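Asker: starting from these lines, generate the structure:
(2 chains)
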Amino acid sequence: GNSVTQMEGPVTLSEEAFLTINCTYTATGYPSLFWYVQYPGEGLQLLLKATKADDKGSNKGFEATYRKETTSFHLEKGSVQVSDSAVYFCALTLGGSARQLTFGSGTQLTVLP
Amino acid sequence: EADIYQTPRYLVIGTGKKITLECSQTMGHDKMYWYQQDPGMELHLIHYSYGVNSTEKGDLSSESTVSRIRTEHFPLTLESARPSHTSQYLCASGGTANTGELFFGEGSRLTVL
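Answerer: Predicted structure coming up:
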């Protein structure tokens, strides 16, 4: 079956530090990949996505590149801010269907001033 | 800005009570979903709907039930709440483009005493 594995948290960084949250996947086929973010007390919202190999998704200074050879979709940001403190979920879907959306377990990020 | 709304945001009730969690969206989406989010943050799909009068059980077995009488409304009901139902419940909807992107409500946090 399909699965998503994220690096375990929690992750604590100082403001302006470099962020990497690892995400690898297992899928039968060529999935679309997503990063969702959940800010405290809120629902999830889509942060970025990539639909085919070598695509780079980017938004709000965050980036992730779809690496088919390593089955990875690591999330990066060059300089984090306190406002980036949230839970980050990596997810995949096959065939573009949200019904088959598979989420990772989430990584809690805390950024300290 | 989210166009999907959940009420109540927080609910504390006693065992045996019947509760309904409301979810409404104004985006005209056919597909709607209910996820249960455990304290470890993992998301589990418990119900989904492809349209009016269409509902299916998700990957995680749940004693809750749902209905879809109108496109914009997807309520979740527990006939007799128990402490094991204590959780965060997230409603989501997806567009007809079948892109795998979901729009989430802010969640309903249920505590059963």
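Asker: I'd say B:Lys31 and B:Gly100 touch.
Answerer: No. Using Cβ atoms under 8 Å, B:Lys31 is not in contact with B:Gly100; the gap is 10.6 Å. Backbone N, C-alpha and C define where each C-beta goes, glycine included.
Asker: and the helices in chain A?
Answerer: With helices called from DSSP state H, chain A shows none.
Asker: picking up where we left off before, out of B:Lys31 and B:Gly100, name the residue with the larger neighbour count.
Answerer: Neighbours per residue (other Cβ atoms under 10 Å in any protein chain shown) separate B:Lys31 from B:Gly100, with B:Gly100 holding more: 24 against 20.
Asker: surely the more buried one forms part of a strand?
Answerer: No. Assignment of B:Gly100 by DSSP: H, G, I helix; E, B strand; the rest coil gives coil, placing it outside any strand.
Asker: quick one: contacts for the closest residue in space to it that isn't next to it in sequence?
Answerer: Of all residues not flanking B:Gly100 in the chain, A:Thr93 sits nearest, at 3.7 Å (Cβ to Cβ, 6 or more residues apart in numbering or on different chains). The contact partners of A:Thr93, taken as Cβ atoms under 8 Å, 6 or more residues apart in numbering or on different chains, are A:Pro31, A:Ser32, A:Phe34, A:Gln100, A:Leu101, A:Thr102, B:Gly100.
Asker: the lowest-mean-pLDDT helix or strand in chain A close to chain B?
Answerer: The helix or strand of chain A with the lowest confidence, counting by mean pLDDT, DSSP states H and E, is strand A:102-103 at a mean of 90. Yes. Residues of strand A:102-103 contacting chain B under Cβ under 8 Å from any Cβ of the partner chain: A:Phe103.
Asker: quick revisit: what score does the residue nearest to B:Gly100 have for pLDDT?
Answerer: For A:Thr93, the model assigns a pLDDT of 88.
Asker: go on, B:Leu43?
Answerer: 89.
Asker: ok, now which ones touch it?
Answerer: By Cβ under 8 Å, 6+ apart, the contact set of B:Leu43 is A:Leu44, A:Phe89, A:Phe103, A:Gly106, B:Tyr35, B:Gln36, B:Gln37, B:Leu90.
Asker: please apply the same query to A:Ser79.
Answerer: Per Cβ under 8 Å, 6+ apart, neighbours of A:Ser79: A:Glu16, A:Ala17, A:Phe18, A:Gly61.
Asker: backbone dihedrals for it, both of them.
Answerer: Main-chain dihedrals, A:Ser79, degrees, to the nearest 10: phi -150, psi 100.
Asker: how far away is it from A:Thr107?
Answerer: Distance from A:Ser79 to A:Thr107, counting by Cβ to Cβ, to the nearest Å: 18 Å.
Asker: circling back: buried subset of the contacts of A:Thr93?
Answerer: Buried by 16 or more other Cβ atoms under 10 Å in any protein chain shown: A:Pro31, A:Ser32, A:Phe34, A:Leu101, A:Thr102, B:Gly100, out of the contacts of A:Thr93.
Asker: identify the farthest-apart pair in the residues you listed.
Answerer: Pairwise distances among the buried ones among the contacts of A:Thr93 were taken by Cβ to Cβ; the largest, 11.0 Å, belongs to A:Ser32 and A:Thr102.
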